[in-house]
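A.B. asks: Sequence first, then the predicted structure:
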Amino acid sequence: MSNLKSAHRRAERKKLLFRIGAIILVVLMIGGTIYTAFISLFFSAYAAENLQAYAINSATATIPYISVGIIYGNDSPTSYRLEAANGFVIGSVHSNTAVRVFEPMFTLPQTVLTPARDTNVSKNADGTYSPTNEYYQTKIGAYHIQLSINASTVQKLAMLPQIDAAAKSAGFYAFPAYINGVLYIRVGDFAAYNQTVNSLTRVQHLFANYGVEIVQPSETAVSLIDPATDHVAFEYDCGEDYYMGLTPIQRDFNNPVYIKTPAGNTYEGVFAISRYKTDAVNGITVFNLVDLEGYVEGILPNEISSSWPTEALRTNAIAIRSYALANWGQHDKAYGFDMCTHHCMSYRGRNKVTDSIVNAVSSSAGEVLSYNGKVVNCFFSSSNGGESISPNTAWGGTDPANDIGAARSPWERYSESSHENALWISEVSPSELASYLRSKGYTTLTGDIASIAILEYAGIASGYVKSLLITDTRGNEVTLNTTGKVQTALSRYVNSANFVLGRGVLQYVVDEVQSITATERTSGAMRPAVAEGNYSVYDYFTEQPYSLSGASVFTGSGVQTLPAASSSTVFTATGVYDFSGDAYLMTGMQAMDDNSAETVIHPLDPTTGLVVAETIHNNTLITTTLKPILKTYTAASSGNFIFAGKGWGHGVGLSQWGSHDLGKAGVKAETILELYYPGAVIVDRSKIGW
Ligand SMILES: [Zn+2]
């Protein structure tokens, strides 16, 4: 399944290349003149040939498509310039949560085209267009003469050059318009109705064979402007869920060209354009219809560096894919596309897509994180500071599907400067904090802050503050009762809700990671386990008590080989066992089984104070050696509050830097995600209905 997409693409490319190859061969045999004619036909205006390779039909395609807002909402522009090196394929998009269709109609050789709102426009110095009510400022008018022709779409497009020539003889031009599923040919652009009537009187004899009417600007239509000529090249108005579509002409599908936007970003797939109107704005919505794997590629290098370890890149590719499917369609009602680029993930198309990005996505193609048979809404943030919390803890809510994502992650090197803003400290005076909280809407706090008390921590042995009581000098109180509210309320002073606080002087502990090792366990290897409070050793594969003679065992000082001729097969609950005089430190060990993904932390060396954290999952033993260091911070004023914390972000689910640290140690992406989301498993999306 994971190769289906690339196989599909390869097959499409093969088909197309074969077709083009065969045509070129025949054409070459016939002669150079006809070959030249063919090429110029293919890339001439409104040619409607060889376009099936560009079609998308979600009813038959095995690839799910994501529609991603590029410019929309209050940013909706009057016009939006698009570039493609070989020109464009133009067509009709039908997109909602049930269907994803792109039906190509014709090509345009222009390398720059500007979709725009269907209204009278003036031209700005930077080449964009603005709506205008002034007749003398109008560069392109929104009134046209419309010809109804009784013929097929392909026939009408074939007639267009002839009609255009006739129009030009009268000083106008012709272009196609696709209106509610019917192709019309429109002539001229006029700034006012009367001007159009006068012009029509002048040219009517040229179009005596066709039905003729005047069309006015429409609040639902999109125009496509050729900015080189300031002519309309196409108009589109087909109702709800239908969009004008543009995609780049490809000369070699193995070496694709992309659409370039004014922001300088480049994109694969199809651009879809519709109208957007509120009291505040009247413009166009532009979204990009891209297949799922291309969408993941367009996000990954904006979330983390493409130079990160391969398994870290793969981890984040799977997380992004899971998040995308879990949130698929979420903006459909408001905007007509699935995902935005403001509060959803940071999608920027092809700009930063390197070979390492492509490899990470293709080598994990189709893989998603699943919990109870559903795709996980796979939240991630920059750094979790050694532990994570569930969505319900962060933002409230009781959906059991959001009760996952809390786990220890002792391997995160949050104390190192490479892990941006992941270890931080700040102080604030009682009066400044009060005015800041008032600015955040906590207006009941009328006095200076008198005290801050942590009422409850979240998660597993967690440092995330789940409930915080703030009291002012007049006895007014504010209680914040999710980690999200705590972080948001104090956002100027904290990078996460994973903090301790004090006043004047604060002592706090930072765990410095000394080493991370990942050991792949093989058949017959041993594991510690617990039964009724007694530790024992058993064979993982047979689940029988195992002869310890010569076996490997995980101990507080790493993997040890037991000496021969031992007669015992059981460790006692006291945690210490003596094999032929050799002591094995088992102190503090807890229950572990293969799929628990639990982490056990216990002292390693009483003299150095080093601590070891051991995690077993998917036959991988991850051993992290930690050095807890006590630090002291003294505030500028003894009355100031001090926040000392770890992590950067909401701390829910996956930590990007944590995945970096595990990936660097060689842990597989699938294991990394299952460690951050205990209970969830990696599956192919087809297994859970995608
Ligand atoms: Zn969004």
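C.D. replies: Structure's in. What do you need?

A.B. asks: Dump stretch 608-621 to CSV, restricted to CA.
C.D. replies: Output of stretch 608-621 as CSV, limited to C-alpha atoms (Å, rounded to 0.1, in the frame of the first residue of the first chain):
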residue,chain,number,x,y,z
THR,A,608,28.0,10.4,41.0
GLY,A,609,24.2,10.7,41.5
LEU,A,610,23.6,9.6,37.9
VAL,A,611,20.2,8.2,37.1
VAL,A,612,19.2,5.8,34.3
ALA,A,613,15.9,5.8,32.5
GLU,A,614,15.0,2.6,30.6
THR,A,615,12.2,2.2,28.1
ILE,A,616,11.4,-1.0,26.2
HIS,A,617,9.2,-0.9,23.2
ASN,A,618,9.1,-2.8,19.9
ASN,A,619,12.1,-4.9,21.0
THR,A,620,14.2,-1.7,21.4
LEU,A,621,15.7,-0.9,24.8
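
A.B. asks: in that stretch, what counts as buried?
C.D. replies: Of all the residues in stretch 608-621, those buried under the rule 16 or more other Cβ atoms under 10 Å are 611-618, 620-621. The way it works is simple: take the backbone N, C-alpha and C, and place the C-beta from them, glycine included.

A.B. asks: now for those residues, which pair is the farthest apart?
C.D. replies: Farthest-apart pair in these is Val611 and Asn618; separation 23.8 Å (Cβ to Cβ).

A.B. asks: what bits of the stretch 401-550 of the chain have low per-residue confidence?
C.D. replies: Residues of the stretch 401-550 of the chain that meet the criterion pLDDT under 70 lie in 459-461, 521-550.

A.B. asks: residue boundaries of the helices in it?
C.D. replies: Assigned by DSSP state H, counting those that start in this stretch, the stretch 401-550 of the chain shows helices spanning 430-439, 483-489.

A.B. asks: Check the stretch 201-350 of the chain too.
C.D. replies: Assignment of helices within the stretch 201-350 of the chain using DSSP H, counting those that start in this stretch yields the ranges 292-303, 310-326, 332-335.

A.B. asks: Mean neighbour count and mean pLDDT added to those helices, as CSV?
C.D. replies: Output for the helices of the stretch 201-350 of the chain, formatted as CSV (neighbours: other Cβ atoms under 10 Å; pLDDT from 0 to 100):
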stretch, mean neighbour count, mean pLDDT
helix 292-303, 25, 97
helix 310-326, 26, 97
helix 332-335, 14, 92
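
A.B. asks: Let me know which of those helices is the nearest to Leu445.
C.D. replies: helix 332-335 (34.9 Å).

A.B. asks: Deepest-packed of the helices of the stretch 401-550 of the chain, please.
C.D. replies: Most buried of the helices of the stretch 401-550 of the chain, by mean neighbour count (mean count of other Cβ atoms under 10 Å): helix 483-489, with a mean of 22.

A.B. asks: for that one, packing partners?
C.D. replies: Using 3 or more Cβ pairs under 8 Å, 6 or more residues apart in numbering; DSSP states H and E as the contact test, the elements touching helix 483-489 are helix 391-395, strand 465-472, strand 477-480.

A.B. asks: Buried deepest among the ones you listed, which one?
C.D. replies: Looking across these with neighbours counted as mean count of other Cβ under 10 Å, the highest average goes to helix 391-395: a mean of 22.

A.B. asks: how about the helices of the stretch 401-550 of the chain, which one is nearest the ion?
C.D. replies: Set against the ion and scored by Cβ to the ion, the helices of the stretch 401-550 of the chain come closest in helix 483-489, at 17.1 Å.

A.B. asks: chain center to that closest one, what's the gap?
C.D. replies: 24 Å (Cα atoms, centre = their mean, to the nearest Å).

A.B. asks: Outside of that helix itself, list whatever touches it.
C.D. replies: Helix 483-489 is contacted from outside by 389, 393-396, 437, 440, 442, 458, 464-468, 478, 480, 494, 496-497, 650-651, using Cβ atoms under 8 Å, 6 or more residues apart in numbering.

A.B. asks: what about stretch 57-69, start to end distance?
C.D. replies: 20 Å (Cα to Cα, to the nearest Å).

A.B. asks: got the contact list for it?
C.D. replies: With Cβ under 8 Å, 6+ apart, stretch 57-69 has contacts from 4-5, 8, 56, 95, 99-101, 269, 272, 285-293, 295, 298, 324-325, 328, 331, 335-341, 344, 347, 685, 690.

A.B. asks: Buried ones among the residues you listed?
C.D. replies: 5, 56, 95, 100-101, 269, 272, 285-293, 295, 298, 324-325, 328, 331, 335-341, 344, 347, 685, 690.

A.B. asks: Of those, which belong to strands?
C.D. replies: The strands, defined by DSSP state E, take in 56, 95, 100-101, 272, 285-291 from the buried ones among the contacts of stretch 57-69.

A.B. asks: between these, which is nearest the ion?
C.D. replies: The nearest one, if we look at these relative to the ion and count by Cβ to the ion, is Phe287, at 11.9 Å.

A.B. asks: What's opposite that closest one in the beta bridge?
C.D. replies: Gly69, Ala272 (DSSP bridges).

A.B. asks: For it, give its distance to Ala263.
C.D. replies: Note on Phe287: its distance to Ala263, by Cβ to Cβ, to the nearest Å, is 14 Å.
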